[in-house]
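Novice: any chance you could fold what I've pasted below:
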Amino acid sequence: MKRILLIFSVAVCSIIQIKAQSNLVMNPSFEDYYDTIDIGTFSFYAGWVHDWSDPNRGSSDLYVPNSGGEYYTPPSAYNGFEYPHSGYCFAGFIFLNLAGSNFYEYIQGSFRNPLLAGQTYGIECYVSNADAYPYCINDLGFYFSDTQITRTGASMLPFTPQYANPVSNPIDTRIGWQRITGSYTALGGEQFLSLGNFTPYALCHFSCGDTSPEQGNYLFVDDVAVYDTSKVD
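Specialist: Numbers count the residues shown, from 1 in each chain. Here you go, the predicted structure:
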């Protein structure tokens, strides 16, 4: 029995290690950032997070230890209480905004190598709803692009995500982290991934709270992964 458990444990650890090694997302848990940035202004749009950006000039946030202010220091940050899923940092952005507003936020990551045409890639990230917002929606999208998106105005990105969390899969976790997974068959040449809400607010799918977005939703994100599925099977 001990031998069987040992073999099983080694196999599981090997799969995890291979998956970690094949993750194409740079800086997947947001641990690398400029430590000279101003206290209390940990935004993605200014390029302070290595290998990540803000594709529409919103104000997506980085939560880091010892930031010097309550807004961005986990676990007791301004938007809610949460420990990082791994490491010391995590990201956060407005997922559903106040009624009557067209303000959207996203985060955009980059890959170590361009995706290969016809290859199927696994998608994974961990999310948690911030305590300060009463609503939950299921409309998390993943948009792959061959060039970096650099729009302004903090409005909804006019793209259809190649993968979206199924609307029947509730994103309703507040304590701890919820794993989101999917897959994508590449066209070839994709080098960037944008995460966020690509759905008009009036058409969003609610899984908790009222059905009118009067106070909105804010989503924490950690450990973003895109990996070659042929290397982990």
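Novice: quick check: the gap between T147 and P55.
Specialist: Counting by Cβ to Cβ, to the nearest Å, the separation of T147 from P55 is 11 Å. Bear in mind the C-beta positions are built from the backbone N, C-alpha and C, glycine included.
Novice: next one: Y104
Specialist: With distances taken as Cβ to Cβ, Y104 is found 10 Å from P55.
Novice: overlap in contacts of these two?
Specialist: Overlap of the contact sets of Y104 and P55 (by Cβ atoms under 8 Å, 6 or more residues apart in numbering) consists of L157.
Novice: neighbour count for T147 and P55, which is higher?
Specialist: P55 (25 against 9; other Cβ atoms under 10 Å).
Novice: quick one: contacts for the more buried one?
Specialist: By Cβ under 8 Å, 6+ apart, the residues touching P55 are 106-108, 148-151, 157, 194.
Novice: what about the longest strand in this structure?
Specialist: For the chain, the strand that runs over the most residues, judged by DSSP state E, is strand 217-228.
Novice: and Y143, its phi and psi?
Specialist: Main-chain torsions, Y143, degrees, to the nearest 10: phi -110, psi 120.
Novice: that one - how many residues pack around it?
Specialist: By other Cβ under 10 Å, the residues close to Y143 number 22.
Novice: what does the one 5 residues further on give?
Specialist: Around Q148 sit 12 other residues, with neighbours defined as other Cβ under 10 Å.
Novice: what kind of secondary structure is it in?
Specialist: Taking DSSP: H, G, I helix; E, B strand; the rest coil as the rule, one finds Q148 in the coil state.
Novice: nearest residue to it other than its sequence neighbours?
Specialist: Leaving out its chain neighbours, the residue that sits closest to Q148 by Cβ to Cβ, 6 or more residues apart in numbering is F192, at 5.4 Å.
Novice: okay, now the one you found: neighbour count?
Specialist: When neighbours are counted by other Cβ under 10 Å, F192 registers 18.
Novice: now it: how far from S230?
Specialist: Counting by Cβ to Cβ, the gap from F192 to S230 is 22 Å.
Novice: neighbours of Q191, how many?
Specialist: Neighbouring residues of Q191 were enumerated by other Cβ under 10 Å; the total is 17.
Novice: list the contacts for it?
Specialist: Residues touching Q191, when contacts are defined by Cβ under 8 Å, 6+ apart, comprise 110-111, 114-115, 145-148.
Novice: how about a cut-off of 7 Å?
Specialist: Applying Cβ atoms under 7 Å, 6 or more residues apart in numbering, we find Q191 in contact with 110-111, 114, 146.
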